[in-house]
Every structure is written in C-alpha cells, then in structure tokens.
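> What follows is a protein structure lacking sequence information:
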C-alpha cells in the first residue's frame, strides 16, 4: 500500500495503516531503540486505557490452624490504576528529487525513507519517554513534545507519599543521590561515577550498582535478578567497564576487549544513549553535567501507542520534492 502511494502522481496520498501494518511499522521503530525489550509496549485502539495495579495490604496471610478464624480473612487490598491518555505528535520528512536520483541502483527508496522516519521517531520517543515533564522543570517550549508528557523520570521522582504519582498499591521509588548533596550525604560512600576507587576504604571499590540493588525493598527480591534492568547512558556503562579494566583481572580483560552483554550481579545493563547527561544536582535537565542510572523490573516502564498511525505523502511539484507527513498518538507511565 505504501509503495503504491509513493508511485502516485496525485498531489496528496494519505494512508492510515491497518492494525497489522501499524504493528509492523512500530516493530521497526522499537528495533531502533533501547525501549523494545525493556519497556512494556501497550498498543491501544482508543485514546484512553487503564492498567490495574493490585496488591494485598500488609500483614500475614497464613495463620496456625488452631488460631484461624474469620478475623484473619484477607478481605482488603490496595488498588490503583495507571491511566494512559494519548496525545498526538506530528512530523514531516522532506525528500527532494535529487535525493532520489542519487540513490544506488536496486535500493527501494520507499523502504529507505520509512526506515529513516522510524529511526528518527525511535530516537525522539526514547528522549520524550524519559525526560519529559509538564511542570516546566526542564524549560521545554510549548512546541517541544517533551512539554506535553510527564516522562518516566518525572513519574519516578514524584512517586513519594502525597506526590502526584504515589501508588496506593506499590508505594514509592527509592531515590539515591550519587552527588552526596545535602541532605542526602550518606546514600553512597564515594561521590561521583558508577564505580569509584578509594584505597583507604574496605572494600576499596564502591560499585553504585551494588548499592542500588541493596536498596531494593525486600518484597521485590522475589523478582529474579535476570528480570531486572539497569538502564543508563552509554557513558555510565563505559565508566563501569573502565573500572573493571583497572582491576586487572580476567573480567577486566573481557571488559577491555568489549563484552557484548554486560551484567552486574546477574542484572543486565542496558545502554540508553538518549537519557539526559545535562542534569543539575537537583535532577533538572539542562542545568549541569549529571545523569541517571535506573534499576527497575523489566516491563515496569509503560509506553502506550495508539495504533491509528497516519502516513501521508504530498507532492510539492514546484519545489521538486516529496513531503512525508507522519502522526503518532502516545503516552507513558
């Protein structure tokens, strides 16, 4: 359908993708990003969708048989709902006739354009999902899509008791400050990078990944370590690899030559190169040179995509070019 659209001599040709075609295009988008295997992708047919959270309140479930009575029935549970409400984003890719003439023989130009659009959408989606906020913390302009959503980072850092994203079912995120800025001066032993060396310390190496794991609430240790994810910018991963190299061990040699799949205590480390590296010490985007590392169960991050994707090609004959318009509806939680 898309190939036929590009061959059309009409000034405009619009295609709203079917469910299967939309899914195929979205798969191409997610293949280009760190999101695909580390977030829960919810494909929506309508602008709104609710996801239920349920957990039992605190207290024992099993009681010795001789003491058991109706007083010990577990009849109450905590419940909450995640609401996804999509907002529309639009874009346009301009392809000139000279671009098409310069393509090597045998290359499918339509496929090339669609993959370029998919790659660009993937990159932007990843940044939107992580750093967006509707509270003007990052100073994003109205025309910046990052001003239209509260991204994962904002939701996580505003999940404490009484804050916007507190969950009755699962409580608050654990926030650790590696800058050791007051009043959080004891979260780590050494301020700085993901791995730091202090010859006077015992042990001399401090791995902040390990401290993060030690701060997992006890009830979540039932989640196998292989089902957790450490997500951070590639620079953080490189700092960790450099620390391993400095240890001059077999593991350090492997880090130096490049390990395709890096782990810490069985938890996969995932590069997310579009996570902000310009946070200030308060975590505000654009104000400094800090970044984040996130430890979370796989699929805990949710990205809702409405399947009604629209691609439209407009032939701008006077300027010898094609205009490819694209729209997508999304939300995060």
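Arrived safely. Given the structure is predicted, the values throughout are model-derived calculations rather than measurements.
> Next up, phi/psi of the residue of the chain positioned farthest from its centre, please.
Distance from the centre of the chain peaks at residue 66, with 49.9 Å (CA atoms, centre = their mean). Residue 66 adopts backbone torsions of phi -70, psi -20, taken as degrees, to the nearest 10.
> Equivalent analysis for residue 232, please.
The phi/psi pair for residue 232 (degrees, to the nearest 10) is phi -160, psi 170.
> Okay, residue 74 and residue 223: tell me how far apart.
In this view, residue 74 and residue 223 are 22 Å apart by CB to CB, to the nearest Å. Every C-beta, even on glycine, is put in place using the N, C-alpha and C of the backbone.
> Look up how far residue 205 lies from residue 185.
With distances taken as CB to CB, residue 185 is found 20 Å from residue 205.
> and what of residue 123?
From residue 123 across to residue 205, the span is 34 Å (CB to CB).
> Which one of residue 74 and residue 223 is surrounded by more residues?
A count of neighbours by other CB atoms under 10 Å puts residue 223 above the other of residue 74 and residue 223, at 14 against 10.
> The nearest residue to the more buried one once chain neighbours are set aside pairs with what?
Among residues not flanking residue 223 along the chain, residue 297 sits closest, at 5.2 Å (CB to CB, 6 or more residues apart in numbering). Beta-bridge partners of residue 297, counted by DSSP bridges, are residue 228.
> State the pLDDT value of residue 297.
For residue 297, the pLDDT comes out at 91.
> next one: residue 278
Looking at residue 278, its pLDDT reads 94.
> heads up, I number from 36, so please use that
Noted, 36 is the first residue going forward, which turns the last one into residue 313.
> Grab the nearest non-local neighbour of it.
residue 321 (5.2 Å).
> Could you do residue 243 as well?
Among residues not flanking residue 243 along the chain, residue 229 sits closest, at 5.1 Å (CB to CB, 6+ apart).
> which residues of the protein fall in helices?
Under the criterion DSSP state H, the chain contains helices at 37-42, 54-66, 132-136, 144-166, 187-192, 243-249, 269-281, 285-292.
> Let me have the ones you listed in CSV, extended by mean neighbour count and distance to residue 181.
As requested, the helices of the chain are arranged in CSV below (neighbours: other CB atoms under 10 Å; distance: least, CB to CB, whole Å):
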stretch, mean neighbour count, distance to residue 181
helix 37-42, 13, 29
helix 54-66, 16, 18
helix 132-136, 11, 29
helix 144-166, 19, 6
helix 187-192, 21, 10
helix 243-249, 17, 26
helix 269-281, 18, 20
helix 285-292, 13, 34
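> Tell me which of these sits nearest to residue 175.
Closest of those to residue 175 is helix 144-166, at 8.7 Å (criterion: CB to CB).
> what's around residue 202, how many residues?
Neighbour tally, residue 202, other CB under 10 Å: 17.
> Repeat that for residue 204.
By other CB under 10 Å, the residues close to residue 204 number 16.
> still on that earlier bit, surely the residue nearest to residue 258 touches residue 257?
No: counting by CB atoms under 8 Å, residue 332 stays clear of residue 257, with 10.5 Å between them.
> Compare these two (neighbour count), which wins?
Between residue 332 and residue 257, residue 332 has the larger neighbour count (other CB under 10 Å), namely 13 against 6.
> I'd like to know how far that one sits from residue 186.
Going from residue 332 to residue 186 by CB to CB gives 18 Å.
> Any chance of JSON lines for the helices of the chain, columns distance to residue 304 and mean pLDDT?
Shown next, in JSON lines, are the helices of the chain (distance: least, CB to CB, whole Å; pLDDT from 0 to 100):
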{"stretch": "helix 37-42", "distance to residue 304": "37", "mean pLDDT": "58"}
{"stretch": "helix 54-66", "distance to residue 304": "19", "mean pLDDT": "78"}
{"stretch": "helix 132-136", "distance to residue 304": "38", "mean pLDDT": "79"}
{"stretch": "helix 144-166", "distance to residue 304": "16", "mean pLDDT": "83"}
{"stretch": "helix 187-192", "distance to residue 304": "18", "mean pLDDT": "94"}
{"stretch": "helix 243-249", "distance to residue 304": "8", "mean pLDDT": "95"}
{"stretch": "helix 269-281", "distance to residue 304": "6", "mean pLDDT": "89"}
{"stretch": "helix 285-292", "distance to residue 304": "11", "mean pLDDT": "51"}
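> That's all I had, so thanks and see you.
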